[in-house]
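Engineer: Quick one, what's the 3D model for this:
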Amino acid sequence: MYVVTGGAGFIGSNLVRGLNRRGITDILVVDDLEQGEKHRSLNALEFTDLVDHRDFLARIDAFPWARSRRSSTRARARTRPSAPAAS
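Structural biologist: You can find the predicted model right below:
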């Protein structure tokens, strides 16, 4: 499955369109869906589901691959040296 964040916007919907042209339809589109009209750019496209970003973030830990990636990303962020202060 592909996850396209910002998928209802101009760039994201074109990413979905490009995946569709390659025969890929197993796509989860994630975006801010508070504006009801934002999904119009997706009307002619094929995808598995359209999810508001808040719902996606609330449920992401249900996926085993997401838990392992998020914890390793957090660990790298803690161990990464801070940038030198600007003079």
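Engineer: All the helices of this protein, residue numbers only.
Structural biologist: 10-21, 53-59, 64-79 (DSSP state H).
Engineer: where in this protein is pLDDT low?
Structural biologist: 64-87 (pLDDT under 70).
Engineer: Let's see that with 80 instead.
Structural biologist: For the chain, applying pLDDT under 80 flags the ranges 36-39, 61-87.
Engineer: ok, now how distant is Arg17 from Phe63?
Structural biologist: Using C-beta to C-beta, to the nearest Å, Arg17 is found at 25 Å from Phe63. C-beta coordinates here come from the backbone N, C-alpha and C atoms, glycine included.
Engineer: cool, and Leu28?
Structural biologist: Taking C-beta to C-beta as the measure, Leu28 and Phe63 are separated by 11 Å.
Engineer: For the two, indicate the residue with more neighbours.
Structural biologist: Ranked by neighbour count (other C-beta atoms under 10 Å), Leu28 and Phe63 place Leu28 first, with 16 against 13.
Engineer: Quick check: bridge partners of that one?
Structural biologist: Counting by DSSP bridges, Leu28 forms beta bridges with Val3, Asp49.
Engineer: For Gly12, see how far away it is.
Structural biologist: Distance of Leu28 to Gly12, computed by C-beta to C-beta: 12 Å.
Engineer: so what sits against both of the two?
Structural biologist: Jointly contacting Leu28 and Gly12 under the rule C-beta atoms under 8 Å, 6 or more residues apart in numbering are Val4.
Engineer: got the contact list for Gly12?
Structural biologist: Residues in contact with Gly12 (C-beta under 8 Å, 6+ apart) are Val4, Thr5, Gly6, Val29, Asp31.
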